[in-house]
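Participant: give me the fold of what follows.
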Amino acid sequence: MKEKRKNKRFKVDASKIQAKMILSRKTDIVDISLDGVALQTDRRLEIGREYPIQLAYGVKSISVKGL
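Facilitator: Here you go, the predicted structure:
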């Protein structure tokens, strides 16, 4: 099957990059690309709803919003 994504997705080493979401005890990054990130969480997420996410790499972090 041919890949339809515009940008290549990269697997993430969970020991190096962490993700946090409000009201979620556990959030893991599955993969990441220039267009987005695939997350696995202990909370059910609604399609089309916006969620604040904090991504951290060592002491550096960035806050983003995901749909």
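Participant: residues touching the worst-scoring helix or strand of the chain on mean pLDDT, excluding its own?
Facilitator: In the chain, the helix or strand scored least confidently by mean pLDDT, DSSP states H and E is strand 10-11, which has a mean of 89. Contact with strand 10-11 is made by Val30, Asp31, Ile32, Ser33, as judged by C-beta atoms under 8 Å, 6 or more residues apart in numbering. Just so you know, the C-beta spots here come from the backbone N, C-alpha and C atoms, and that holds for glycine as well.
Participant: so what's the nearest residue to Tyr57 once chain neighbours are set aside up against?
Facilitator: In space, Tyr57 comes closest to Ile17 once its chain neighbours are excluded; the distance is 5.2 Å by C-beta to C-beta, 6 or more residues apart in numbering. Residues in contact with Ile17, defined by C-beta under 8 Å, 6+ apart, are Ile29, Ile32, Leu55, Ala56, Tyr57.
Participant: out of these, which end up buried?
Facilitator: Ile29, Ile32, Leu55 (16 or more other C-beta atoms under 10 Å).
Participant: got those residues as JSON lines, with distance to Ile22 columns?
Facilitator: Formatted as JSON lines, the entries for those read as follows, by distance: C-beta to C-beta, whole Å:
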{"residue": "Ile29", "distance to Ile22": "16"}
{"residue": "Ile32", "distance to Ile22": "20"}
{"residue": "Leu55", "distance to Ile22": "14"}
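Participant: among those residues, name the ones in strands.
Facilitator: Mapping the buried ones among the contacts of Ile17 onto strands (DSSP state E) picks out Ile29, Ile32, Leu55.
Participant: bridging residues for the first one?
Facilitator: Ile29 forms beta bridges with Leu39, as assigned by DSSP bridges.
Participant: distance of it relative to Ala56?
Facilitator: To Ala56, Ile29 is 11 Å away according to C-beta to C-beta, to the nearest Å.
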